[in-house]
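>>> build me a model from this:
(chains A, B and C)
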Amino acid sequence: MATQASRTAGRLMLSPAVILLLLWMIVPLGMTIYFSFLRFNLLMPGTEAFTGFENYSYFFTDPAFWPALVNTLVLVTGVLAITVGGGIALAVLLDQPMWGQGLVRVLVIAPFFVMPSVSALVWKNMLMNPVNGLFAALARGLGLPPIDFFADIPLASIIVIVAWQWLPFATLILFTAMQSLDREQMEAAEMDGAGPLWRFVHLTLPHLTRAMTVVVLIQTIFLLSVFAEILVTTNGGPGTASTTLTFLVYMQSMLQFDVGLGSAGGIVAVLLANIVAIFLMRMIGKNLEA
Amino acid sequence: MGEIVLSQVRKSFGGTSVIQGIDLRIEDGEFVVFVGPSGCGKSTLLRLIAGLEDTTSGTIAIDGHDATSLPPAKRGLAMVFQSYALYPHMSVRKNIAFPLRMAGISAEEQERKVQAAAKVLNLAPYLDRKPSQLSGGQRQRVAIGRAIVREPSAFLFDEPLSNLDAALRVSMRQEISELHQSLKTTMIYVTHDQVEAMTMADKIVVLNAGRIEQVGSPLELYKTPANLFVASFIGSPKMNLVEGPEAAKHGAHTLGVRPEHIDIVAEGPWSGTVGICEHLGSDTFLKVHVEGLGALTVRAGGEVDLVHGAPIRLAPQPDKLHRFDGAGEALAKALA
Amino acid sequence: MAREISTGRKAVITTVAWAVALLIFFPILWTVLTSFKTEGEAVNSHPAFLFFDWTLENYHAVNERSDYLAHFWNSVVISLGSTLAGLIIAVPAAWAMAFVPGKHTKDLLMWMLSTKMLPAVGVLVPLYLLARDTGLLDTRTGLVIVLTMVNLPIIVWMLYTYFKEIPAEILEAARMDGATLSSEILYVLTPMAVPGIASTLLLNVILAWNESFWTLNLSAANAAPLTAFIASYSSPEGLFYAKLSAASTMAIAPILILGWFSQKQLVRGLTFGAVK
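Here you go, the predicted model:
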């Protein structure tokens, strides 16, 4: 739908972005793959040697690997359950007529804009701290023993913090999807005598399915990379109680300087994320055609 | 001047051929309408003339010069788009002045020309408004104003009235016709609406599947359609087409007769019953189920009042019958 | 269409909604309140909600620490710099994909997105080594480059969806009116695309401001933006709640304000058009 001249101009204008992204993707990923087959520790320069799949077998047999994998899955599913469930409830609530709806929305969305290190610090020190935290003060007020959140239930505490950050995102997207709900269909169902619960289950929920899938997929991509919240609160501990795959790779490569092992872990994380990404890309791709 | 000559123009997108070898001569000052069903290639043909698409092969000459590879800006043509394509961030004045600004014309000259165009198009009170503050008809006039100020050698219109409501369409149609009368500039007008084609054109080009089916004045196309496609496309309501023994009786594969050329008579060759009866006031359209022929549309006088199921006899006007062969090409007119 | 509902029901919904919203907002509110308390008041075992001696001393204290302002400035430079660099690369690309789409435009867009799906940890080691070997480790330039590339797919994608909404006919009209490619972009496309470009800029400044994986791993004392600087407060010794709150409030306030303006763009930018 254009002339040759404009197509040539188009190609010229497209090339910087394409070339840069291509380099950005291929070079580091290629290096990671290469490193993952090397014995390569920054503390022992000059000892690099090809080791085949040794790094991978070390990574999979690392005592922290299985806990990290389980923790990652628990973290992702926990946060997803809270944010999707809470998001639907909030979206339905926000969709009702009320006074000051704009302000309510602004308050609900706010946590998403708080940088992860700040929210982790605030929750860790001012809310969840067993001595000086607000929750401890509340518990004392009720005559209960305060909970030492990050010592006793570290992963659950991190899930709460991360869920707090992502609940606004889920709410916003589900609320946006609610706006496109066919009001006439709702009214027709009401005319036919359908109660509010029936309408929610049979009309609202199916309408939100697509948005829910998008929320799940996008959040999964981001949740697999949760990092600052763990670094600031528990540093992966106690023991491996709150170590995720991302954090494990970080520890191996940035703290133990084992580049080869960290790279192997990185590749495992890439493969895991790809499984999710493929589903997400299919959905977005379909939308692109419409 | 505005003489446009297309020779063997072809256009294909990927592997699909959209325009298949078009030869056409548009005389200076002519109002030419490209008409055809959607997907026939009429808009593509206009965009090829405009230079918004490259031709795959063939040449386009404007005023005797080969313009095939010229960019749109250099062809000296102006175009009015279906969506009006006004610049939403500019006032009406700036919209109309935009081509002048691009041509590097002085501010005073721009203003003079904008004022002149605004006067012709009754836009003077709206010059400082944004397009979003205008009605559909006013937007259309701004788009025309933007085209006029360039003093192009030809105007190109791409279905300009299809976004307007029925009443406005009729009045804009007349305005464009009047504009053509006063400017006497070549106009090429694309539409799928045969009524627009019939009412506005000096010359109609009927397109189908990337080919020209027929070129001629409105009355030529109406009186002597070259084939079945043109016959059924031009004229409203559509021509009745009859096959079988009745057509064979007239030595044709298909027999065509327009609704206005069938008379209701006391004694006639065709007998049938009235299906539906549509009163338009000035005319009445009857759908008649004729034995052996099927449903025919008949135009009768406005006063005719027949009830559903009424028996009726019909007679076609013998000198107005159209005969077509098996390939759909017109045969010579039947003799009276 | 909206129907009248009883005032009583509306009052109940309003109460519930406000209660929930305040609960969600509470950690932020608490931080802001604490930032106005004295350190003693901040760790009081019977915390006061509003009735305490309001003070600005924490803000003075934070501002007097020159390093806080330096890190704040790092955040500004890195988030604005990476967004502007991204826009310069992305505007022409999005223009091309929206107005001269080819057979592979869709594949190209999907591929660009796929680079965004790559988990950061998968390329942590090589990027760290590359940054170290090129002397870009712990420099603002290094972080600008990394964040430009991290957010480039989102920028291209957002601009593409905005440009797609500009009818091609308007650009063709400009061409018919005698505009060259550069005047077409300058006088017609850009003014029409300004709202979209502004929204893209806004959302990406927010994302870059809060980005915490690369800023934490590729910066130290010099180039650390607020994300990394505030994370360094996490060490137990020398933790002052009120000052921490003041520093946090200053770190999140600008972005919170920008964020409230960009709610709608957030959906578009983060779902890649999958939810409308």
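
>>> residue nearest the centroid of the chain?
The chain I'm using is chain A. By Cα atoms, centre = their mean, chain A has its centre lying nearest to A:Leu223, at 2.0 Å.

>>> was after chain B, sorry
Closest-to-mean residue, chain B, Cα atoms, centre = their mean: B:Ala197 / 2.9 Å.

>>> quick one, phi/psi of that residue?
phi -60, psi -50 (degrees, to the nearest 10).

>>> which residues touch it?
B:Val33, B:Val35, B:Thr191, B:Ile204, B:Pro218, B:Ile234 (Cβ atoms under 8 Å, 6 or more residues apart in numbering or on different chains). C-betas here are computed from N, CA, C, even on glycine.

>>> try it again at 10 Å.
B:32-36, B:189-191, B:203-206, B:218, B:221, B:233-234 (Cβ atoms under 10 Å, 6 or more residues apart in numbering or on different chains).

>>> still on that earlier bit, how near is the residue nearest to the centre of chain A to B:Thr59?
From A:Leu223 across to B:Thr59, the span is 62 Å (Cβ to Cβ, to the nearest Å).

>>> host element of residue 87?
I went with chain A, as the question did not name one. Assessed by DSSP states H and E, A:Gly87 sits inside helix A:65-94.

>>> you answered for a different chain; I wanted chain C.
C:Leu87 belongs to helix C:66-99, assigned by DSSP H and E.

>>> from the middle of its chain, how far away would the helix or strand following that helix be?
Later in the chain than helix C:66-99, the nearest helix or strand by DSSP H and E is helix C:105-117. Taking the mean of its C-alpha atoms, helix C:105-117 sits 21 Å from the chain's own mean (Cα atoms, centre = their mean, to the nearest Å).

>>> if we can go back for a sec, can you tell me which of the contacts of B:Ala197 are in helices?
B:Pro218, B:Leu221, B:Phe233 (DSSP state H).

>>> tell me the one of those nearest chain C?
Nearest to chain C among the ones in helices among the contacts of B:Ala197 is B:Phe233, at 26.5 Å by Cβ to the nearest Cβ.

>>> isn't that closest one up against B:Val205?
No - with contact defined as Cβ atoms under 10 Å, B:Phe233 does not reach B:Val205; the gap is 11.9 Å.

>>> overlap in contacts, the two.
By Cβ under 10 Å, 6+ apart, the residues touching both B:Phe233 and B:Val205 are B:Val35, B:Gly36, B:Ala197, B:Glu213, B:Gln214, B:Leu221.

>>> closest one of those to A:Val259?
When these are ranked by distance to A:Val259 (Cβ to Cβ), B:Gly36 comes first, at 67.9 Å.

>>> so the closest one touches B:Glu159, yeah?
No - B:Gly36 is not in contact with B:Glu159 according to Cβ under 10 Å; the separation is 11.6 Å.

>>> among those two, which residue is more densely surrounded?
Ranked by neighbour count (other Cβ atoms under 10 Å in any protein chain shown), B:Gly36 and B:Glu159 place B:Gly36 first, with 27 against 20.

>>> dump the residue contacts of the more buried one.
B:42-43, B:45, B:190-192, B:194, B:197, B:205-213, B:229-230, B:233.

>>> now for the residue nearest to it when sequence neighbours are not counted: which residues touch it?
Leaving aside its chain neighbours, B:Gly36 sits nearest to B:Leu207 (3.7 Å; criterion: Cβ to Cβ, 6 or more residues apart in numbering or on different chains). By Cβ under 10 Å, 6+ apart, B:Leu207 lies in contact with B:19, B:22, B:34-37, B:40-45, B:190, B:213-215, B:229, B:233.

>>> so which helix or strand takes in B:Phe285?
strand B:283-290.

>>> revised request: answer the last question for C:Trp209.
Per DSSP H and E: helix C:190-210 holds C:Trp209.

>>> could you do B:Glu196 as well?
Per DSSP H and E: helix B:194-200 holds B:Glu196.

>>> show the average pLDDT along that helix.
Across helix B:194-200, the average pLDDT comes to 92.

>>> for chain B, give me the ranges with low pLDDT.
B:333-336 (pLDDT under 70).

>>> which single residue of it ends up nearest chain A?
Counting by Cβ to the nearest Cβ, chain B gets nearest chain A through B:Asp54, at 4.9 Å.

>>> OK, contacts around that residue?
Counting by Cβ under 10 Å, 6+ apart, B:Asp54 has contacts A:Ala2, A:Thr3, A:Gln4, A:Ala5, A:Ser6, A:Arg7, B:Lys11, B:Arg47, B:Leu48, B:Thr68, B:Ser69.

>>> and it, what are its phi and psi?
Dihedral angles (degrees, to the nearest 10) for B:Asp54: phi -80, psi 140.

>>> one more: B:Leu70?
According to degrees, to the nearest 10, B:Leu70 has phi -80, psi 140.

>>> and B:Lys74, by the same measure?
phi -90, psi 0.

>>> what does B:Phe13 give?
phi -100, psi 120.

>>> follow-up on the earlier one: and the contacts of B:Leu207, which are buried?
Using 16 or more other Cβ atoms under 10 Å in any protein chain shown as the burial test, the contacts of B:Leu207 include B:19, B:22, B:34-36, B:40-45, B:190, B:213-215, B:229, B:233 as buried.

>>> list phi and psi for A:Phe50.
phi -70, psi 130.

>>> in the helix holding C:Leu87, which residues are buried?
Buried, per 16+ other Cβ under 10 Å, within helix C:66-99: C:68, C:71-72, C:74-75, C:77-83, C:85-87, C:89-99.

>>> if we can go back for a sec, run through the bridge partners of the residue nearest to B:Gly36.
B:Ile212 (DSSP bridges).

>>> measure it to chain C for me?
For B:Leu207, the distance to chain C equals 21 Å [Cβ to the nearest Cβ, to the nearest Å].

>>> next: B:Lys119.
21 Å.

>>> residues near that residue, how many?
10.

>>> element containing it?
Using DSSP H and E, B:Lys119 falls in helix B:107-120.

>>> next, see if stretch B:151-165 gets close to chain A.
No - on the criterion Cβ under 10 Å from any Cβ of the partner chain, stretch B:151-165 is out of touch with chain A, staying 13.6 Å away.

>>> got the buried residues for that stretch?
B:Pro152, B:Ser153, B:Ala154, B:Phe155, B:Leu156, B:Phe157, B:Asp158, B:Glu159, B:Pro160, B:Leu161, B:Leu164.

>>> can you give me the helices in chain B?
Using DSSP H, helices in chain B cover B:42-50, B:92-102, B:107-120, B:136-148, B:166-183, B:194-200, B:218-223, B:228-233, B:245-249.
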